[in-house]
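Peer 1: One predicted model, sequence on top.
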Amino acid sequence: MAQFYPSHQALRLADQILDAIGESVDGYQGRIGAHWYWRLKGGILITFKLDYTVTEQRWDILRAEAVTPNVGLFNAADFPFAAYATSATSPPFIHDMKGVAEWSNRLYFQMGDLIGQAVHWIGLLHAVAISPQISKPASMPIPSPLERRLVKHAMEELGGAFTIERLYEAFRDELSKARLRSLAQKWEARDLLTPVPRRVTYALRMLVQQEDELEPPTNAEEETVEETS
């Protein structure tokens, strides 16, 4: 079956979208050949490519796949340009004739919405990475009841920000500031918190949710945060 690829000029136009996504999501490797790549924790490799649904001269969709060495392909997403058009009769696309490419109906293209949804999809894969089917359970820490309460407080009271001073004010009777800071550094190193200013990631939220489902809350004994070695 014949293979068709966008011209170098068409790829440069698509770079506008993928580079903007890469600015918002860690692990971006840039474009290699005709594909764009991300490397995430847990061995996840994400690939985007520019594809067409009408003719090989009309490039109007981004196709994305996520794979790991353990399970191969485990997630995929399509981002058709028409889905982000403001006009149903004039969908945007890249017109690529004999290597001369240009945006068509670009004024009707809500590129920011496409970028936002792609960023959200990649963020969800951080959470998927902690699934036992994708990563070994031992590769992710098990948060204690107190650690789960810290995360919930950050989400419910701080809008997702994992701010040391604010969290210490709320939990000063249960852990020291040094232990809280050590915990934040440990989670940041595992990509469970974003770099400073730290925020709770999808993965950490999912980890807390999973542990809550497995271990109902109890008032049995005093909770402590384990010191990192």
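Peer 2: Now that the structure is in, tell me what you want to look at. As the structure is a computational prediction, the values presented were derived from the model and not from experiment. Numbering: from 1, shown residues only.
Peer 1: where does the closest residue to Ala82 other than its chain neighbours fall, phi/psi-wise?
Peer 2: Spatial nearest neighbour of Ala82, chain neighbours left out: Pro91 (3.7 Å); criterion: C-beta to C-beta, 6 or more residues apart in numbering. (Glycine included, C-beta is placed from N, CA and C.) When read as degrees, to the nearest 10, the backbone of Pro91 gives phi -70, psi 150.
Peer 1: Can you get me a residue count around Pro91?
Peer 2: 18 (other C-beta atoms under 10 Å).
Peer 1: where does it land on pLDDT?
Peer 2: At Pro91, the model reports a pLDDT of 93.
Peer 1: do the same with Ser182
Peer 2: 93.
Peer 1: quick one: contacts of the strand or helix carrying it?
Peer 2: According to DSSP states H and E, Ser182 maps onto helix 177-189. The contact list for helix 177-189 (C-beta atoms under 8 Å, 6 or more residues apart in numbering) reads 141, 147, 150, 162, 164, 167-168, 171, 193-196, 198, 204, 225, 227-228.
Peer 1: Quick check: buried residues in it?
Peer 2: Neighbour counts over helix 177-189 (16 or more other C-beta atoms under 10 Å) mark 179-180, 182-184, 186-188 as buried.
Peer 1: what's the offset of that helix from the middle of its chain?
Peer 2: 22 Å (C-alpha atoms, centre = their mean, to the nearest Å).
Peer 1: Now do the contacts for the nearest residue to Gln9 once chain neighbours are set aside.
Peer 2: Closest residue to Gln9 apart from its sequence neighbours, by C-beta to C-beta, 6+ apart: Ala101 at 4.1 Å. Residues counted as contacts of Ala101 (C-beta under 8 Å, 6+ apart) are 6-7, 9-10, 12-13, 59, 94-95.
Peer 1: Let's see which of those end up in strands.
Peer 2: Secondary structure assignment by DSSP state E places 59, 94-95 of those in strands.
Peer 1: Most neighbours among those residues, which one is it?
Peer 2: Busiest of the ones in strands among the contacts of Ala101 [other C-beta under 10 Å] is Trp59, holding 27 neighbours.
Peer 1: If we ignore the residues flanking it in sequence, what's nearest it?
Peer 2: Ile94 (4.2 Å).
Peer 1: Could you check which helix or strand contains Arg63?
Peer 2: strand 61-68.
Peer 1: List the residue ranges of the protein that fall below the pLDDT cut-off.
Peer 2: 1-2, 127-140, 214-229 (pLDDT under 70).
Peer 1: what are the ranges of the helices in it?
Peer 2: Under the criterion DSSP state H, the chain carries helices at the ranges 8-24, 111-128, 145-157, 164-171, 177-189, 202-214.
Peer 1: Next, count neighbours for Pro197.
Peer 2: 9.
Peer 1: Pop out the phi and psi values for it.
Peer 2: Dihedral angles (degrees, to the nearest 10) for Pro197: phi -70, psi 120.
Peer 1: Okay, it and Lys186: tell me how far apart.
Peer 2: 17 Å (C-beta to C-beta, to the nearest Å).
Peer 1: thinking again about what came up before, direction-wise, compare the helix holding Ser182 with helix 145-157 and give the angle.
Peer 2: Relative orientation of helix 177-189 versus helix 145-157 (axes from the mean of the first three to the mean of the last three C-alpha atoms, to 10 degrees): 80 degrees.
Peer 1: Okay, domains of the protein per the record?
Peer 2: Structural domains annotated on the chain: 8-128, 141-214, as defined by automatic domain parsing.
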